[in-house]
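K.L.:
A structural model of the following input is requested.
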Amino acid sequence: MPTSFNQSVIEEFRANGGMVGGPFEGGDLLLLTTTGAKSGIERTTPLGYVRHGDSLLLIGSNLGAQHHPGWYHNLLAHPVVRVEIGTQTFQALAVPAEGTRREELFEHAVRVAPGYGDYQAQTTRPLPVVVLKKMSTELNAHLDYEEESLLPLLAEVPWPPAPPANTAEDS
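P.N.:
Residues are numbered from 1 along each chain as shown. Just a heads-up that it's a prediction; the model follows:
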């Protein structure tokens, strides 16, 4: 079976400490691993990114297509993602920017990488802007605790709650 373009970029990225040639040569490239929204299967995608302070920005351009990329749908369902930059790998929380914040971050991204403006011009949908925040060890431990301890308890709570029963005072 032939290797997909993305798979060949991923292999080159990992074999060369994050350096790749071809159309990505010299660009800011990372590998984003998301969990499939429906399948639950991990999927890795090479993506360009833009730095903004301590954060990394991803633009859901999908090369200007009329629909959002698959990785975007995945991180909406499962916002904890794995990021590889160079030889560094870390977990991050992926948060889509909205409203005025999205507009400001998109303008920043276009100043740094004007191609995103070209992609926006090709589609009627607003291109999503996703902020990646590196997760700390403490936050990971807290999320693990919630998953192991609190979620099973919350699963027992009926939702939506039943309406309150009529009392004598209600009559």
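
K.L.:
what's the helix or strand of the chain at the bottom of the mean pLDDT ranking in contact with?
P.N.:
None of the helices or strands of the chain scores lower by mean pLDDT, DSSP states H and E than helix 137-145, at a mean of 71. Residues outside helix 137-145 that contact it (CB atoms under 8 Å, 6 or more residues apart in numbering): 80, 91, 93. Where C-beta positions appear, they are placed from N, C-alpha and C, glycine not excepted.

K.L.:
can you pick the most crowded of those?
P.N.:
Counting neighbours by other CB atoms under 10 Å, residue 91 comes out on top of these with 18 neighbours.

K.L.:
contact partners for that one?
P.N.:
Applying CB under 8 Å, 6+ apart, we find residue 91 in contact with 80-83, 134-135, 140.

K.L.:
could you rerun that using 10 Å?
P.N.:
Contacts for residue 91 (CB atoms under 10 Å, 6 or more residues apart in numbering) come out as 33, 80-83, 132-137, 139-140, 143.

K.L.:
just give me the closest of these to residue 122.
P.N.:
Nearest to residue 122 among those is residue 132, at 24.4 Å by CB to CB.

K.L.:
please name the bridge partners of that closest one.
P.N.:
residue 56, residue 94 (DSSP bridges).

K.L.:
now do it: how many residues are near it, please.
P.N.:
Per other CB under 10 Å, the neighbour tally for residue 132 reads 24.
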